[in-house]
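**Student:** Any chance you could fold what I've pasted below:
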Amino acid sequence: MPLSNRSTSTPLTRIGFALQTKSPNATPEAWAALRADVPRTFTTPEIRVDCPDDRKFAIVEAAARHFAARYAVNTIDGVRMTFADGWGLLRASNTQPVLVLRFEAASAASLAEHRREVETWLTAQGVGT
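**Tutor:** Numbering: from 1, shown residues only. Below you'll find the predicted structure:
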């Protein structure tokens, strides 16, 4: 679909459209207005948790079952939990004996709560964080 026919109704789409077309209206004020529409989120960096190779995939499968009882989950390449105000990801590294975690939420407090919930569950499984 040609770029000119795409919807520019969301803030991120408008920013992408402006970047791709190098909009002549891209003054600092115009960019500030575009950025103001983008919701603020809080994220973690990649969190790497040591986990033996012979356990890591079983831990991820158990996490998918456990968290599916409380949240919507996607099990493509790990388990992605969708919280009311964010998401968390737990996946097994394919190259190292580690589990990889990432989190994003609408507030720092929610981010900390979601991270704590997953890390507490991991600790109960005998995997330290």
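
**Student:** So residue 105 versus residue 35, what's the distance?
**Tutor:** Look at residue 105 and residue 35: by CB to CB, to the nearest Å, they are 20 Å apart. For the C-beta atoms, the positions are set from N, CA and C on the backbone; glycine is no exception.

**Student:** Those two - which one has more neighbours?
**Tutor:** residue 105 (22 against 10; other CB atoms under 10 Å).

**Student:** Could you check the pLDDT of the more buried one?
**Tutor:** pLDDT for residue 105: 96.

**Student:** got it, and the one 3 residues further on?
**Tutor:** Turning to residue 108, the model gives it a pLDDT of 96.

**Student:** Please name the nearest non-neighbouring residue to it.
**Tutor:** Excluding its sequence neighbours, the residue lying closest to residue 108 (CB to CB, 6 or more residues apart in numbering) is residue 42, at 5.0 Å.
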